[in-house]
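J.: Below is the sequence, then the predicted model.
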Amino acid sequence: MPQLDVDGATLTYDDEGPRDGEPTPLVFVHGWTANRHRWDHQMTHFADARRVIRLDLRGHGDSTGGGVRTIAELARDVLALLDHLKVERAVLVGHSMGGMIAQTIALDHPERVERLVLVNSIGRMAYSRGRGLLMAASTLVPFKLFVAANIQRAFAPGHPREEIRAHVKASADTPREVVMTLYDAMRVFDVLDRAGEIQAPTLMIHGFHDIQLPVRQMLRMAKAYPDAVVRIIDAGHELPVERPAEVTTALDRFLTAA
C-alpha cells in the first residue's frame, strides 16, 4: 500500500497496470466521505491494459490529514501525487466532489488533462430544499446520524440495505472536521461560468434518481461544455457502487471513441 507525504497529510494510493506510456493513465478521484475503493470495478477492468491510479483523499480511507478548506487544495494534493509518479498527462475520472477536483485541475492545468470524466458531479453547487434543510440541521444532530441521513439519500430506492449500511459506516469513520470543512468547500464551489474554457473531451455520467446533485444541474453544466457527452443511468448518486459495470462500459466506450 504505497503512500506519499504531502503538506502534513499522508496520502494512500494504488498505482497499477503497464508503465510503457501508452495509453494515457487513468486517474480516479472519489467523492466526499468515500475512499478509493469506490473504483474497484474500474481498477480490475482497466489495469490489464493501461496504467490506473487512484488515491484516498486526505482525511479519507487510509489517508491522514485534514484542514483543507477549498476544492483547490484537494486538487493540489492530486497534482502532487501525479508529479511524484511522473504522470504528466492523464484521463481524470472524478465522482461527486472528485469531479469538482477534476474540473479544477482541468481549468487550472489544462495541459495535464487529456480527457475528463465526471460521475454524478456538477460545476456549481445548488442544494435542493430538502438537502439544504438537512445540512442546516447538521449541528443539531449527532454526527453519525447526520452522515447516515446523507448517505442513505445518495442511493436510489431499492438498493440493498446491507450495502447502504456498510457505506454509512465507512463514511462515518471519516473525521468530523474533514466532513464538515469539505461540505463548506463544496457549498461554495462554482466553476460553471468557466466551463467553456475546458477543451478536453468530457464524459458526464449521472444517475437519473440522484437527489443529492440532481440531473438537471448536470445538464445545465453540460450545455456550457464545448465537447461533452452525456450518459444517464437508472441509479442514484452513488453510481460507482450502484452500477459499477455500467460506469465501466460507458468509460470504456468513451476512451475508445475516435
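T.: Great, that's in hand. Fair warning: this is a prediction, and the values are worked out from it, not measured in the lab.

J.: so where does Trp32 fall, helix or strand?
T.: Assessed by DSSP states H and E, Trp32 sits outside every helix and strand.

J.: OK, contacts around it?
T.: The contact partners of Trp32, taken as Cβ atoms under 8 Å, 6 or more residues apart in numbering, are 96-97, 179, 182-183, 186. Yep, even glycine has a C-beta here, placed from its N, CA and C like the rest.

J.: Against Leu57, how distant is it?
T.: Distance of Trp32 to Leu57, computed by Cβ to Cβ, to the nearest Å: 9 Å.

J.: same thing with Ala195?
T.: Ala195 sits at a distance of 23 Å from Leu57 (criterion: Cβ to Cβ).

J.: For the contacts of Trp32, which two are the farthest from each other?
T.: Largest separation among the contacts of Trp32 by Cβ to Cβ: Ser96 and Val179, giving 13.5 Å.

J.: Please identify which of those two sits among more neighbours.
T.: Regarding Ser96 and Val179, a neighbour count based on other Cβ atoms under 10 Å identifies Ser96 as having more, with 28 against 21.

J.: Surely that one and Gln103 touch.
T.: No. Using Cβ atoms under 8 Å, Ser96 makes no contact with Gln103, being 11.7 Å away.

J.: Overlap of the contact sets of those two?
T.: Ser121.

J.: which regions of the stretch 151-258 of the chain lie under the pLDDT threshold?
T.: 258 (pLDDT under 70).

J.: what ranges do the strands span in it?
T.: Under the criterion DSSP state E, counting those that start in this stretch, the stretch 151-258 of the chain contains strands at 202-207, 228-233.

J.: These into a markdown table, with extra columns for distance to Val87 and mean neighbour count?
T.: Listed next are the strands of the stretch 151-258 of the chain as a markdown table, based on distance: least, Cβ to Cβ, whole Å; neighbours: other Cβ atoms under 10 Å:
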| stretch | distance to Val87 | mean neighbour count |
| --- | --- | --- |
| strand 202-207 | 19 | 25 |
| strand 228-233 | 24 | 18 |
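
J.: Mind putting those into a markdown table with distance to Ser63?
T.: Below are the strands of the stretch 151-258 of the chain laid out as a markdown table (distance: least, Cβ to Cβ, whole Å):
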| stretch | distance to Ser63 |
| --- | --- |
| strand 202-207 | 25 |
| strand 228-233 | 28 |
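
J.: out of those, which comes closest to Arg51?
T.: strand 202-207 (19.0 Å).

J.: orientation of that closest one relative to strand 228-233 in degrees?
T.: Using axes from the mean of the first three to the mean of the last three Cα atoms, to 10 degrees, the direction of strand 202-207 lies 20 degrees away from that of strand 228-233.

J.: Show the secondary-structure elements that strand 202-207 is packed against.
T.: Helices and strands touching strand 202-207, by 3 or more Cβ pairs under 8 Å, 6 or more residues apart in numbering; DSSP states H and E, are strand 113-119, helix 215-224, strand 228-233, helix 239-242, helix 244-256.

J.: And the shortest one, what does it pack against?
T.: For helix 239-242, the packing partners by 3+ Cβ pairs under 8 Å, 6+ apart come out as strand 202-207, helix 244-256.

J.: Next, format those as CSV and append distance to Arg36.
T.: CSV is the format used below for those (distance: least, Cβ to Cβ, whole Å):
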stretch, distance to Arg36
strand 202-207, 18
helix 244-256, 14
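
J.: coming back round to it: looking at the strands of the stretch 151-258 of the chain, which is nearest to Ala90?
T.: Ranking these by their distance to Ala90 (criterion: Cβ to Cβ) puts strand 202-207 first, at 13.9 Å.

J.: So what's the gap between the closest one and the chain middle?
T.: Centre-to-centre, strand 202-207 and its host chain are 12 Å apart (Cα atoms, centre = their mean, to the nearest Å).

J.: That one pairs with which strands, parallel or anti?
T.: Using DSSP bridges, the strands paired with strand 202-207 in its sheet are strand 113-119 (parallel), strand 228-233 (parallel).

J.: would you turn the ones you listed into JSON lines with distance to Pro157?
T.: JSON lines is the format used below for the strands paired with strand 202-207 (distance: least, Cβ to Cβ, whole Å):
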{"stretch": "strand 113-119", "distance to Pro157": "20"}
{"stretch": "strand 228-233", "distance to Pro157": "15"}
